[in-house]
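> Got a sequence here, can you build the structure:
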Amino acid sequence: MVWGPRALAVSLCVAALAAAPQAHAAKIYRWTDRSGITHYGDHVPDAAPPSEVKVIPVHSEPGAIARLRIESDGSRYLAWADNNLSGPIEVKVDYSQSYGGGVGGTSTLPARATVAARASALVAVLSSEDSGRGVELQMESLPGDPSARPRNVDYLLPLRQNNFRIDQGYGGQFSHSDPENRYAVDFAAEIGTPVLAAREGVVMQVESDFDKAGLNRERYGGRANFVRIVHDDGSMALYAHLKADGALVRVGQRVRAGQQIGLSGNTGFTTGPHLHFAIQVNRGMRLESIPFRMNGRAGPLRISGGP
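From the prediction side, this is the model:
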């Protein structure tokens, strides 16, 4: 699964260094203009003739949740976390390695901070002694505000289709046995089925560039296309295994309940086409799924475990 914390490291040497965000480009476009000149870019200008546009797939990595940034402040070094998501996150900064003995620092590590959407937060302050020891810092980041208090609300069905079938419910042994997915539901859905927002919220995270699927957990367990929506109470809805380019919303967009947000698919660690739906909360650098109520066409949906 792709929903867990992500980590990055940065060295603190004599001069402060910054960790660059991960590259995140999935396609390169090639087109020929009316003068016969060939161009390459990450998007196609409106003036480019559609019939002459070629798409060149490029391997991409998941977008970075946050960036660890080090600033020099006199005799101190400031460790900042820059949130790349349109929703709150929690970060933890700690030493990953140290050289030349122990480390000092005016702030005890590990240190945690909650960072608002698209904002920055000072996480830790270190002394100049740390730079002389060649300290390496590591930051883990996780979506969600640990102080969120989810409300018990009714969710809408997240698919626009006539018949519904649950392939894997609460506690399913195949992939719903860990805390992040214990209360997830896998709805059977053909590729291209419209995915709907089950509740109003803000799109905080989108991955839409992956086009592979399989049962190799090591190869596909950390990747899938998904949309994450944060609700006003801090809970987050995850809509996963969307088709390539199957996200139809943008980060930062506010969506209403019932609005189409994507197209179902078969990407990542999966046995076949379906929509993985879960309500998740951050429980202090731990992403956990929680039970939810959902209304179907015939009334409340009964969600049982299995297979």
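> Report the contact partners of the closest residue to D145 other than its chain neighbours.
Leaving aside its chain neighbours, D145 sits nearest to P88 (4.0 Å; criterion: CB to CB, 6 or more residues apart in numbering). The C-beta positions use only the backbone N, C-alpha and C, and glycine is treated the same way. Taking CB atoms under 8 Å, 6 or more residues apart in numbering, we find P88 in contact with T114, V115, A116, A117, P143, G144, D145, V230, G234.
> Please tabulate those in a markdown table, including the columns secondary structure, neighbour count and distance to M294.
Below are the contacts of P88 laid out as a markdown table (DSSP: H, G, I helix; E, B strand; the rest coil; neighbours: other CB atoms under 10 Å; distance: CB to CB, whole Å):
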| residue | secondary structure | neighbour count | distance to M294 |
| --- | --- | --- | --- |
| T114 | strand | 18 | 29 |
| V115 | strand | 24 | 31 |
| A116 | coil | 13 | 29 |
| A117 | coil | 17 | 26 |
| P143 | strand | 26 | 22 |
| G144 | coil | 27 | 21 |
| D145 | coil | 21 | 23 |
| V230 | strand | 24 | 18 |
| G234 | coil | 18 | 19 |
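> ok, of those residues, which one's closest to R34?
A117 (42.2 Å; CB to CB).
> distance of that closest one from I279?
19 Å (CB to CB, to the nearest Å).
> how many other residues sit next to L137?
26 (other CB atoms under 10 Å).
> Please apply the same query to the one 4 residues further on.
Residue neighbour count, defined by other CB under 10 Å, stands at 25 for S141.
> who's it bridged to?
R6, V91 (DSSP bridges).
> Tell me what F226 is bridged to.
E207, A240.
> ok, it to V93 distance?
F226 is 26 Å from V93, by CB to CB.
> can you check T108 too?
Taking CB to CB, one finds T108 at 11 Å from V93.
> who has more neighbours, those two?
Ranked by neighbour count (other CB under 10 Å), T108 and V93 place V93 first, with 24 against 7.
> avg pLDDT for the helix or strand where the more buried one lies?
Assigned by DSSP states H and E, V93 falls within strand 89-97. Averaging pLDDT along strand 89-97 yields 89.
> likewise stretch 53-67?
69.
> Over to stretch 253-265?
On average, stretch 253-265 scores 97.
> try stretch 284-293
Stretch 284-293 comes out at a mean pLDDT of 94.
> What are the buried residues along it?
Under the neighbour-count criterion of 16 or more other CB atoms under 10 Å, stretch 284-293 has M285, L287, E288, S289, F292 buried.
> which outside residues touch that stretch?
3-5, 90, 92, 112, 140, 142-144, 146, 150, 152-155, 170, 179-184, 235, 278-282, 300.
> From one end of that stretch to the other, what's the distance?
In stretch 284-293, first residue to last residue: 24 Å (CA to CA, to the nearest Å).
> Show me which residues of stretch 236-246 are buried.
In stretch 236-246, counting by 16+ other CB under 10 Å, buried: M236, A237, L238, Y239, A240, H241, L242, K243, A244, G246.
> The helix or strand hosting I70 vs strand 89-97, what angle?
In this structure, I70 sits in strand 66-73 according to DSSP H and E. Put simply, strand 66-73 runs at 60 degrees to strand 89-97, going by axes from the mean of the first three to the mean of the last three CA atoms, to 10 degrees.
> Counting by contacts, list what strand 66-73 packs against.
In terms of contacts (3 or more CB pairs under 8 Å, 6 or more residues apart in numbering; DSSP states H and E), strand 66-73 is packed against strand 6-12, strand 76-83, strand 89-97, strand 135-143.
> Turn those into CSV, including distance to Q259.
What follows is the helices and strands packed on strand 66-73, written out as CSV (distance: least, CB to CB, whole Å):
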stretch, distance to Q259
strand 6-12, 28
strand 76-83, 25
strand 89-97, 24
strand 135-143, 21
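> right, so of these, which gets closest to A198?
strand 135-143 (17.3 Å).
> Under the pLDDT cut-off, which ranges of the stretch 101-250 of the chain? List them.
101-107, 128-135, 169, 171-177, 211-223 (pLDDT under 70).
> The residue nearest to D145 and Y155: what is the separation?
21 Å.
> about what we covered before: greatest separation within the buried residues of stretch 236-246: which pair is it?
M236 and A244 (22.8 Å).
> Surely Y183 is in a helix?
No. According to DSSP: H, G, I helix; E, B strand; the rest coil, Y183 belongs to no helix; its state is coil.
> circling back: let's see which of the buried residues of stretch 236-246 end up in strands.
M236, A237, L238, Y239, A240, L242, K243, A244, G246 (DSSP state E).
> Tabulate those in a markdown table, adding columns for distance to E200.
Formatted as a markdown table, those follow (distance: CB to CB, whole Å):
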| residue | distance to E200 |
| --- | --- |
| M236 | 13 |
| A237 | 10 |
| L238 | 16 |
| Y239 | 14 |
| A240 | 20 |
| L242 | 20 |
| K243 | 24 |
| A244 | 27 |
| G246 | 21 |
